[in-house]
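In: generate coordinates for the sequence data below:
(chains A and B)
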There are 2 protein chains.
Amino acid sequence: MSGFQNIVLIGAGNVATQLGIAIQNTGRKIVQVYSRTEEAAMKLAEKLNSAYTSDLGKINRDGDLYIVSVADDAVGKVAAKLGMLNGMVIHTSGSVAMEVLRESSANYGILYPLQTFSKSRKADFSNIPFCVEANSNENLQKLKGLAESLSGNVVEIDSDQRKILHLAAVFACNFTNYMYGAADDILKGSNLDFDLLRPLIMETAMKVQQMNPEVAQTGPAMRGDKRIMKEHIELLEKYPEYRKIYEILSERIGERRGEEGIMV
Amino acid sequence: MSGFQNIVLIGAGNVATQLGIAIQNTGRKIVQVYSRTEEAAMKLAEKLNSAYTSDLGKINRDGDLYIVSVADDAVGKVAAKLGMLNGMVIHTSGSVAMEVLRESSANYGILYPLQTFSKSRKADFSNIPFCVEANSNENLQKLKGLAESLSGNVVEIDSDQRKILHLAAVFACNFTNYMYGAADDILKGSNLDFDLLRPLIMETAMKVQQMNPEVAQTGPAMRGDKRIMKEHIELLEKYPEYRKIYEILSERIGERRGEEGIMV
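Out: Take a look at the predicted model:
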């Protein structure tokens, strides 16, 4: 097993929780959990059988790895308060540059698991892409060793690429979920159950596991079926915001169809 | 087994193909396939071991069920050319009213499978919601019998509800797939592989199999993280159309967060 036997987990949110459990399951030890809320720190520490603190001044300074896994906009602030540590310091954020960790250790890097985490769903790490980056080749290899013990899908990604990846993930995950929510709202307005759409949602995601989204595109806008689009826009009269989204996205799908000369 | 032993399939596209195979697998007989393209009719007829025609005037008039499964905007035109038939006539479209079939038979209805079909993917019908509607209770029961032999998920839906369902499906499937495509485009611009997002896409769909989309919403807009949103909008400079979509959807997710007073 590659290095990192005494790990300090800085954060107790969704990512920290799932990652802490997964790391502990590899046989490594989480020695301490920090959270600004004592209760959150204690709760996760109980699960991991580790010490905890809600005071950054009392961070265990003998760790060989510090994982900063807090909200993106707090990573820099927390890192600035750590002081210089001997162990390696990494964060797990998709959008924060690696260099914010420069003042925390001579050895630093990123371990970004590209997934959406929830408290109520156990994450299966084995298939999750882990994006790694470090400030030296030696540190990169150590970090890859850790990542490879968690997932079969480890990729080297630099900070610029990671930002792009995070942006793309907003479309593929957050905006997609917004579309699910819009569908749910529209159904509710006619007393229809969201259950009716669940198999369709699964199949839509499963299709692009093999195909490219471009090839998988279907629907009235793709077929250029103006009658249905007009009817849908009328049905959306009660929902001006969804109507606007319907119009914009249908137009875009239609343009793309035109660009590529696809006839369906 | 409930009625319908001699079935005429009018159409040879994705839905007709998958539905024809599934119906034949229940032990019923597809006696004839019609398509306006002879080659398509012949190809599907070969699979089903049935007769075929590309001439609506030569439709077999002894069927006990006629399934009109053609493009939404062609259903009415095709129905008008069938003349009055003794068997029941149904269509499979989400957006076309049942009444377009009134001149084709005294017995008519709808069998709308709520799913996205592709030629290259075999559909698993057992879990697909089948929405049924008919012009009499007797016809409805017969149609339900057929649907229940195909799927464990059969629901009575009237034409107005079916239109809403179809509209909601555009959001949950077509617009969702557009978001996958946007993510793919953004990755390509930085030589990143869409494979990196596939596990995230699956998990996003799997989350809402149990949760409601409202509860599953994550991301910068949901957290109100203005720094990241600003950075993302800058990264989208090359993609004005995606930038516009990013701004609109982030604003909507933010508003919704405000409405519900959710703090993440």
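
In: can you list the residue ranges for helices in the stretch 1-150 of chain A?
Out: For the stretch 1-150 of chain A, applying DSSP state H, counting those that start in this stretch gives helices covering A:14-24, A:38-48, A:75-82, A:137-150.

In: on contacts alone, who are the packing partners of the first one?
Out: With contacts defined as 3 or more Cβ pairs under 8 Å, 6 or more residues apart in numbering or on different chains; DSSP states H and E, the secondary structure elements packing on helix A:14-24 are strand A:6-10, strand A:29-34, helix A:38-48, helix A:137-150. C-beta coordinates here come from the backbone N, C-alpha and C atoms, glycine included.

In: the longest one vs chain B: in contact?
Out: To tie it back to what came earlier, the one meant is helix A:137-150. No - for a cut-off given as Cβ under 8 Å from any Cβ of the partner chain, helix A:137-150 has no contacts with chain B; the smallest distance is 13.3 Å.

In: what angle separates that helix from helix A:14-24?
Out: 90 degrees (axes from the mean of the first three to the mean of the last three Cα atoms, to 10 degrees).

In: CA atoms only for helix A:137-150 - export them in CSV, please.
Out: Extracted C-alpha coordinates of helix A:137-150, given in CSV (Å, rounded to 0.1, in the frame of the first residue of the first chain):
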residue,chain,number,x,y,z
ASN,A,137,5.9,14.1,-9.8
GLU,A,138,6.7,12.3,-6.6
ASN,A,139,3.6,13.7,-4.9
LEU,A,140,1.6,12.8,-8.0
GLN,A,141,2.6,9.2,-7.8
LYS,A,142,1.8,9.0,-4.1
LEU,A,143,-1.6,10.6,-4.7
LYS,A,144,-2.3,8.2,-7.6
GLY,A,145,-1.5,5.3,-5.3
LEU,A,146,-4.1,6.5,-2.9
ALA,A,147,-6.7,7.2,-5.7
GLU,A,148,-6.1,3.8,-7.3
SER,A,149,-6.8,2.1,-4.1
LEU,A,150,-10.3,3.8,-4.2
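
In: may I have the distance across stretch A:74-92, first residue to last?
Out: Start and end residues of stretch A:74-92 are separated by 12 Å (Cα to Cα, to the nearest Å).

In: so A:Asn153 touches B:Leu197, yeah?
Out: No - with contact defined as Cβ atoms under 8 Å, A:Asn153 does not count as touching B:Leu197 (11.8 Å).

In: quick one: which of those two has more around it?
Out: Taking neighbours as other Cβ atoms under 10 Å in any protein chain shown, A:Asn153 and B:Leu197 compare with B:Leu197 leading, 26 against 20.

In: contact partners for that one?
Out: By Cβ atoms under 8 Å, 6 or more residues apart in numbering or on different chains, the residues touching B:Leu197 are A:114, A:165, A:168-169, A:172, B:180, B:183-184, B:187.

In: 7 Å - rerun?
Out: Neighbouring residues of B:Leu197 by Cβ atoms under 7 Å, 6 or more residues apart in numbering or on different chains: A:168-169, A:172, B:183.

In: same check, this time on A:Pro129
Out: Contacts of A:Pro129 by Cβ under 7 Å, 6+ apart are A:114, A:153, A:155, B:196, B:199.

In: need those residues in JSON lines with pLDDT, secondary structure and distance to B:Ile253, can you?
Out: Formatted as JSON lines, those follow (pLDDT from 0 to 100; DSSP: H, G, I helix; E, B strand; the rest coil; distance: Cβ to Cβ, whole Å):
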{"residue": "A:Leu114", "pLDDT": "93", "secondary structure": "coil", "distance to B:Ile253": "20"}
{"residue": "A:Asn153", "pLDDT": "94", "secondary structure": "coil", "distance to B:Ile253": "28"}
{"residue": "A:Val155", "pLDDT": "95", "secondary structure": "strand", "distance to B:Ile253": "28"}
{"residue": "B:Leu196", "pLDDT": "96", "secondary structure": "helix", "distance to B:Ile253": "23"}
{"residue": "B:Pro199", "pLDDT": "95", "secondary structure": "helix", "distance to B:Ile253": "22"}
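
In: now, which of the residues you listed sits nearest B:Gln141?
Out: B:Pro199 (44.1 Å; Cβ to Cβ).
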